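> Got a sequence here, can you build the structure:
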Amino acid sequence: MKGAKTKRRLFEGGLHVWMEKLFDIMTLNLIWLLCSLPLVTIGAAATAFYYAMVKVIRGERGHLWSEFWRSFKLNFVKATLVWICFAALVFLLLVNRNITADIGGYFGAFLLCFYTALAAVFFAILMYVFPVLSRFHMTIPEVLKLSVYMCFRYLHYTLALLSIAAGAAALLYFMPLFVFIVPAGALFCFSRLMEPLLIRHTPGTADENGQWYLGLAPRAGKK
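Alright, predicted model coming up:
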């Protein structure tokens, strides 16, 4: 299948290839939006979104819908539980932040900064949770432990990932119609940073289940 695809691409122009890639990205973006509409399914949709982006869009293996749905079903329970817990925590933090905004003074300013920073930390950890879920078969405590470790161990990567998320959010705030392309475009950039980190924690990437990551692995010896 891969050989046939490579041979087919030899006869295609560069513009056609990029247009096909753009169409796939927009299609995946639409699938993710539709699966996120119930809100409670955002966690499972985000996990499948990342999985399909890396495997199908970047790795050029499988089909968008089948790979997205496979990951969605496989990780639905874990991703949903994690999403509900994190969403509840962030909601409580933001409620407390709004309450403390009326206190005023140095103590009120301190609490305001504290709750805002804590919400940002939770969001940063959540950025790792769904890619980790899409990649590994782990219990929820194991997923959270690895996500927290990666969040702080690779802090410079975390800041870069937060910048991508903030940039996408700002763009959507000013141009909401871009919601049909910006999330997937941001995730494409997001995965360029995330994949090398996941590969460092992937044992036996040459096994049958890990082959589709090999083309995205960093060069030998790179830390």
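> measure residue 95 to residue 88 for me?
11 Å (CB to CB, to the nearest Å). Just so you know, the C-beta spots here come from the backbone N, C-alpha and C atoms, and that holds for glycine as well.
> typo on my end, it should be residue 31
In this view, residue 31 and residue 88 are 26 Å apart by CB to CB.
> Looking at these two, which is more packed in?
Remark: of residue 31 and residue 88, residue 31 carries more neighbours, 20 against 10, as counted by other CB atoms under 10 Å.
> quick one: residue 158 and residue 127 touch, right?
Yes: between residue 158 and residue 127 there is a contact at 7.4 Å, judged by CB atoms under 8 Å.
> overlap in contacts of the two?
residue 151 (CB atoms under 8 Å, 6 or more residues apart in numbering).
> quick one, longest helix in this protein?
Taking DSSP state H as the criterion, the chain has its longest helix at helix 105-135.
> where does the next helix-or-strand element following that helix sit relative to the chain's centre, distance-wise?
Counting by DSSP states H and E, the next helix or strand C-terminal to helix 105-135 is helix 140-153. How far helix 140-153 lies from its chain's middle: 14 Å, per CA atoms, centre = their mean, to the nearest Å.
> Please enumerate the helices of this protein.
2-10, 14-36, 42-52, 64-74, 76-100, 105-135, 140-153, 155-174, 182-200, 211-214.
> Compare those and report which one is nearest to residue 58.
Among the helices of the chain, the nearest to residue 58 by CB to CB is helix 182-200 (6.4 Å).
> Which parts of that closest one count as buried, going by neighbours?
Judged by neighbour count (16 or more other CB atoms under 10 Å), helix 182-200 contains these buried residues: 182-188, 190-191, 194-199.
> Quick check on residue 62: phi, psi?
Note on residue 62: backbone dihedrals following degrees, to the nearest 10 are phi 80, psi -170.
> quick revisit: how big is the angle separating the longest helix of the chain from helix 140-153?
120 degrees (axes from the mean of the first three to the mean of the last three CA atoms, to 10 degrees).
> helices and strands around helix 105-135, which ones?
Applying 3 or more CB pairs under 8 Å, 6 or more residues apart in numbering; DSSP states H and E, we find helix 105-135 packed against helix 42-52, helix 76-100, helix 140-153, helix 155-174, helix 182-200.
> tell me the residue furthest from the middle of this structure?
In terms of distance from the mean C-alpha position of the chain, residue 105 ranks first, at 38.2 Å (CA atoms, centre = their mean).
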